[in-house]
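>>> predicted model, plus sequence, below.
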Amino acid sequence: MTFKTIHSLGSRCQNSEILKFYGYREFSGFFDFMNTSTVNIINHILENDFLELLKDENNFSLVCEQLTIDPETGERLPSSIRTNNKFYNHDYLDVHSAIFPHHDLNDEKTKNHFLNCRQRLKKLKHYPTLFNYTFNKWENNIHTGDMDRMVNSLINVYEMKDFRLCFIGVEYGVKSTYDKVASSQYYDVWNLTIPSHSFTGGLFQNQIDNENYINIIKSYDIDSNRVTREEIDSLPQID
C-alpha cells in the first residue's frame, strides 16, 4: 500500500517532533503534543470519539511555573498553561501529569484548533494512511490486545479501510538499534533502543536515535505527493 499521509496517535511529543523535523508532518493532528501516558487512555479517547476529552467541565487549566519549550515554534517559555482532564486523570490538579502539556483547552481558539484536528482524523478515511503510535516501554508497555483495540476503533468508529499502524516501542539499552519484532494484518511492531541520556520527551538528544526512528517510517511505501493541510481542510465536515 502506498500511503498518502502519516498521522501520529501519540503517545508523547517525540512522535510528531521527529516526523516534523524530517518533513513527514504536513498538518497538525489531535495527538501530536498530548501526553496520553497509558494506552488505555488513547484507546478510550478513540472509542469514545473524544467526547469526554472535549467536555468543558472535565478540563482544568493549570499554570506551570517552569521552563517549557513550545513544540511548534521552539520558543522557550518561562511559564505556560497546561490542561488536565478529570475523566482520564484522578489527580487532575497535578500540573506535571497534564494530558495537554502545551495547550489550554479552555481557550476558545485552542479548543477550535483541536476540534478541527478531530475532523482531520475523521477525514483520513478518504486516504491510505500510515498511523504511528510510539510508546516508552518503561512507562507504557503495551500488548497485543491493546493494539487490536486501537485497530478496531479505527475501523469501527472512524470507518478506516486503507491504513496500517506502526507501533514503535522505545526502550533503554547500551546501543542505538531498531528492528521489527511482529506483524499482523493491520499493524507492525518495532523496537527502538536508545541510550538513557537520549530521551527528552521530544527529539532525541542522540541524532542516531532520530535517524533510526525515521528509518522505520521510511521502510513503508510513502507517497512523495502527500495530503496537504489545505486539501484535508477543504473536505466536507464529518459528523
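Nice, I can see it. From a predicted model like this one, the values you see are computed outputs, not experimental measurements.

>>> quick one: average pLDDT of stretch 88-105?
Stretch 88-105 comes out with an average pLDDT of 93.

>>> ends of that stretch, what's the gap?
15 Å (C-alpha to C-alpha, to the nearest Å).

>>> which residues are contacting stretch 78-92?
With C-beta atoms under 8 Å, 6 or more residues apart in numbering as the test, stretch 78-92 has contacts from 41, 44-45, 52-53, 55, 58-68, 93-95, 97-107. All C-beta atoms are positioned from the backbone trio N, CA, C, and that covers glycine.

>>> try 7 Å
Contacts to stretch 78-92, defined as C-beta atoms under 7 Å, 6 or more residues apart in numbering, come from residues 41, 52-53, 58-65, 67-68, 94-95, 97-106.

>>> do the same with stretch 43-52
Against stretch 43-52 from outside (C-beta under 7 Å, 6+ apart): Leu53, Asn58, Phe87, Arg118, Asp146, Arg149, Met150, Ser153, Val157.

>>> what's the mean pLDDT across it?
Across stretch 43-52, pLDDT averages out at 98.

>>> tell me the phi and psi of Ser28?
Torsion angles at Ser28 (phi, psi; degrees, to the nearest 10) stand at phi -70, psi 150.

>>> would you show me how to pick out the buried ones of the contacts of stretch 78-92 in ChimeraX?
Restricted to buried positions by 16 or more other C-beta atoms under 10 Å, the ChimeraX selection for the contacts of stretch 78-92 reads:
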select :41,53,58,59,60,61,62,64,68,95,97,98,99,100,101,102,103,104,105
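
>>> and the contacts of stretch 78-92, which of them are in helices?
Ile41 (DSSP state H).

>>> if we can go back for a sec, of the contacts of stretch 43-52, keep whichever come out buried.
Buried, going by 16+ other C-beta under 10 Å: Leu53, Asn58, Phe87, Arg118, Asp146, Arg149, Met150, Ser153, out of the contacts of stretch 43-52.

>>> the fourth one sits in which helix or strand?
Right, the one you point to is Arg118. According to DSSP states H and E, Arg118 maps onto helix 108-123.

>>> buried residues in that helix?
Thr110, Lys111, Phe114, Asn116, Cys117, Arg118, Gln119, Arg120, Leu121, Lys122, Lys123.

>>> and what of stretch 162-172?
In stretch 162-172, counting by 16+ other C-beta under 10 Å, buried: Phe163, Arg164, Leu165, Cys166, Phe167, Ile168, Gly169, Val170.
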